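J.: A predicted structure for the sequence below; I have some questions about it.
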Amino acid sequence: MPNHSRVTRRLGLKTAVAAAVALPLSATAPSAASAATGGRRGGRLEVMSFNLRFASTTEPNSWAVRRPVMRELLRRARPHVLGTQEGLYQQVRDIESDLGPHHDWIGTGRAGGSRDEFMAVFYDTRRLAPLEYDHFWLSDTPDVIGSNTWGGGSIRMVTWVRFRDLGDDGREFYFLDTHLDNSSQNARARAASLIAERIAGLDRSLPLVVTGDFNVAAHRNPVYDTMLGAGLADSWDAAAERSALYATFHGHRPLTPDGDRIDWILVTPGVTVHRAAIDTFSRDGQFPSDHLPVQASVTLG
């Protein structure tokens, strides 16, 4: 694979023109000082999954209203790596800007290029360096951009990245981000099976973290069983410490204590989960999304 200039590589990361092929990245390692800054909190890796709710102009929860609250939440949480769902292209660019310097992202629209929603993966460049990435679509033709063959209501896909953790002696790990269909159990079930199949094809010696909106409750659907059957553990159950439990989808209505977790962070068993949390941050009654973000503080091995 030929080398790419920084500009070309950044465009490739952000628009994924050649999304059907995994691209090795010759990322430049940051200085030891900046890596140390990104490796705060005793070397733990701070992971977040967040359905952003696509940007709209509909009040009272337009993106213009929600964005400042989103910015404050993200700057408080400071995730090293963030798997997002539903973000539109300009919204994803807004998130990149609001995270501040030292952050970058990888993704493509689910219909290809900048079209439709993104499963974007944001990362702190002081802590993580991407080595390769790819996308696949949750269909019978996973390498066909925008394919949707299982009767789902929307195109669905996965973005995955192999990272080097600069704050953990250069340990490598995989990160997958997805959003399963909201209308078809058949599409969700087949998507989970395909993801499990793709996971089996990765280097199983490396840790793996999966984030996503799975649109079904943990412990209460075969999709959950399939994902755990792929050799994954639910970070919420595995955590040494947990926040209060709330339903992760609230639809801009009052929060539901002890409700369904449809947004999950899953990890391979060798990953130590120190804390799992559901972030209920709002400002003056305004939430940043119709979902609550979920978080996990982990050590990879």
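T.: That came in fine, so what should we check first?
J.: From now on I want contacts and neighbour counts done on CA atoms only, so please keep to that.
T.: Noted.
J.: low pLDDT regions in the chain?
T.: Within the chain, the stretches with pLDDT under 70 are 1-42.
J.: if we go to 90?
T.: Applying pLDDT under 90 to the chain flags residues 1-43, 301.
J.: At which residues are the helices of it located?
T.: For the chain, the helices defined by DSSP state H occupy 6-15, 32-38, 63-77, 89-99, 185-200, 222-229, 235-238.
J.: Please identify the most buried of those.
T.: Greatest average neighbour count among those goes to helix 235-238 (a mean of 21), per mean count of other CA atoms under 10 Å.
J.: Show me what it is packed up against.
T.: Using 3 or more CA pairs under 8 Å, 6 or more residues apart in numbering; DSSP states H and E, the elements in contact with helix 235-238 are strand 263-267, strand 272-278.
J.: Indicate each strand paired with the first one and its parallel or antiparallel sense.
T.: Using DSSP bridges, strand 263-267 pairs in its sheet with strand 208-213 (antiparallel), strand 233-234 (antiparallel).
J.: Likewise for the longest one?
T.: According to DSSP bridges, strand 272-278 has the following sheet partners: strand 241-242 (parallel), strand 294-299 (antiparallel).
J.: If you drop the residues flanking it in sequence, what lies closest to Pro269?
T.: Spatial nearest neighbour of Pro269, excluding adjacent residues (CA to CA, 6 or more residues apart in numbering): Ala233 at 6.0 Å.
J.: correction: Gly153
T.: Excluding the flanking residues, the one nearest Gly153 by CA to CA, 6+ apart is Ser183, at 5.8 Å.
J.: right, so the helices and strands packed on helix 235-238: which one is the most enclosed?
T.: Compared across these, strand 263-267 shows the largest average neighbour count, a mean of 25 (mean count of other CA under 10 Å).
J.: Just the angle for it relative to helix 222-229, thanks.
T.: 20 degrees (axes from the mean of the first three to the mean of the last three CA atoms, to 10 degrees).
J.: For strand 263-267, give me every contacting residue.
T.: 48-50, 207-215, 218, 232-236, 248, 293-296 (CA atoms under 8 Å, 6 or more residues apart in numbering).
J.: let's go with 6 Å and repeat that
T.: Strand 263-267 is touched from outside by Leu208, Val209, Val210, Thr211, Gly212, Asp213, Phe214, Leu232, Ala233, Asp234, Ser235, with contacts defined as CA atoms under 6 Å, 6 or more residues apart in numbering.
J.: hey, what's Asp104 bridged with?
T.: The partner list for Asp104 in beta bridges (DSSP bridges) reads Tyr123.
J.: Go through the strands paired with strand 263-267 and name the closest to Gln85.
T.: Gln85 lies closest to strand 208-213 among those, at 7.2 Å (CA to CA).
J.: gap between that closest one and the chain center?
T.: Between the centre of strand 208-213 and the centre of its chain there are 6 Å (CA atoms, centre = their mean, to the nearest Å).
J.: buried stuff in that strand?
T.: Across strand 208-213, burial judged by 16 or more other CA atoms under 10 Å covers Leu208, Val209, Val210, Thr211, Gly212, Asp213.
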